[in-house]
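*Asks:* have a look at this fold, sequence not included:
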């Protein structure tokens, strides 16, 4: 008897090994139908990624038939009432790299199962489940829901292959849309982009980025350009200045101080920046003033550049532009002609000649 049991155990073991070996020897082949797909969108510095499978319409009646309206009892798995899996095969998943808002509701960073409910009147519901590993929605359990939100479906042109996409993207948001047959399921996703960037900058500056003045300057400049957390921006730009006292860093600090309403301090800081500026830096600053409508201040900077770099035809050409923009034709012509007399590079000559023709001086 013992020998018989041992023989049977050996047979079962051999059958198992043969089965496993056969499975291991199978090659990877295309999945048909409903091929797998991935779509991803960056919003700010955050990413949203959808993994799903793509069934085709194939002439079938989709809504109310293939995809039942409302909640439906699954024939397999737990035999539970469940939403639509929003794809085919494995659970459709959505991954957020950072905390987000989905249809106005808070969603922590992570991976979630993505499902929908559709009603005959084109109203619907999007559901995110903390259980993202199950097969489709056959094992759906409402206790694992992270969030539910009402949505309104849209009518679209025929889409044969189920497709996820991102539309209406902005700095802080995008609409995730599921398009299939003639319906679109829209889901608005938002990130607190400025908060995320600032928090990420603080972390990055603890690493290699923090060993260069450019890292601190770029972080400070982001805060400046987006009008947020000026106090932190000042700390960062001071660290940049400690490593590189230059026009690039001092001008950023000047602009931060100006944004904070500290005008006198801002002007003093900009004067320090101007005092050590290069030809190109001062020229660029003058053009920025000109674009801001500060024509007289721009001309003052252009003149200062001609005094510092009198042998550069480019500074005379730029001064000509300053006068031309102000409408001072006489001084514009004088300076464009001076630039041309100095045998300037081709691009500078072309610019001076263009303005002289416009001014009727050629």
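*Replies:* On my side now, so go ahead. The shown structure was predicted, so the numbers you read here are calculated from the model rather than taken from an experiment. Numbering: from 1, shown residues only.

*Asks:* correct me, but residue 147 touches residue 107?
*Replies:* Yes. Using C-beta atoms under 8 Å, residue 147 makes contact with residue 107 at a distance of 6.3 Å. In this view, the C-beta of every residue, glycine as well, is placed from N, C-alpha and C.

*Asks:* distance check, residue 36 against residue 91.
*Replies:* 12 Å (C-beta to C-beta, to the nearest Å).

*Asks:* ok, the two, which is more surrounded?
*Replies:* For residue 36 versus residue 91, neighbours defined as other C-beta atoms under 10 Å are more numerous around residue 91 (26 against 14).

*Asks:* next, that one: secondary structure please.
*Replies:* Assigned with DSSP: H, G, I helix; E, B strand; the rest coil, residue 91 falls in the coil class.

*Asks:* I'd like to know how far the residue lying closest to it once chain neighbours are set aside sits from residue 192.
*Replies:* Among residues not flanking residue 91 along the chain, residue 113 sits closest, at 4.6 Å (C-beta to C-beta, 6 or more residues apart in numbering). Counting by C-beta to C-beta, the gap from residue 113 to residue 192 is 24 Å.

*Asks:* who has more neighbours out of the two?
*Replies:* Shown here are residue 113 and residue 192; by other C-beta under 10 Å, residue 113 has more neighbours (27 against 16).

*Asks:* okay, now the unreliable bits of the stretch 1-150 of the chain?
*Replies:* The model of the stretch 1-150 of the chain has pLDDT under 70 over residues 1-24, 32, 73-79, 135-137.

*Asks:* before we move on, what about the stretch 151-300 of the chain?
*Replies:* Along the stretch 151-300 of the chain, no part satisfies pLDDT under 70.

*Asks:* quick one on the thing from earlier: now do the shared contacts for residue 147 and residue 107.
*Replies:* Here residue 147 and residue 107 have residue 128 as joint contacts, going by C-beta atoms under 8 Å, 6 or more residues apart in numbering.

*Asks:* that older thread, continuing past the helix or strand containing the residue nearest to residue 91, what's the next helix or strand?
*Replies:* Taking DSSP states H and E as the criterion, residue 113 maps to strand 110-118. Using DSSP H and E, the helix or strand that follows strand 110-118 in sequence is strand 123-129.

*Asks:* run through the neighbouring helices and strands of that next one.
*Replies:* For strand 123-129, the elements it packs on are strand 110-118, strand 145-152, strand 173-190, judged by 3 or more C-beta pairs under 8 Å, 6 or more residues apart in numbering; DSSP states H and E.

*Asks:* mind listing what's buried along the helix or strand residue 289 falls within?
*Replies:* Here residue 289, judged by DSSP H and E, is contained in helix 279-291. Buried residues in helix 279-291, defined by neighbour count with 16 or more other C-beta atoms under 10 Å: 281, 282, 283, 284, 285, 286, 287, 289, 290.
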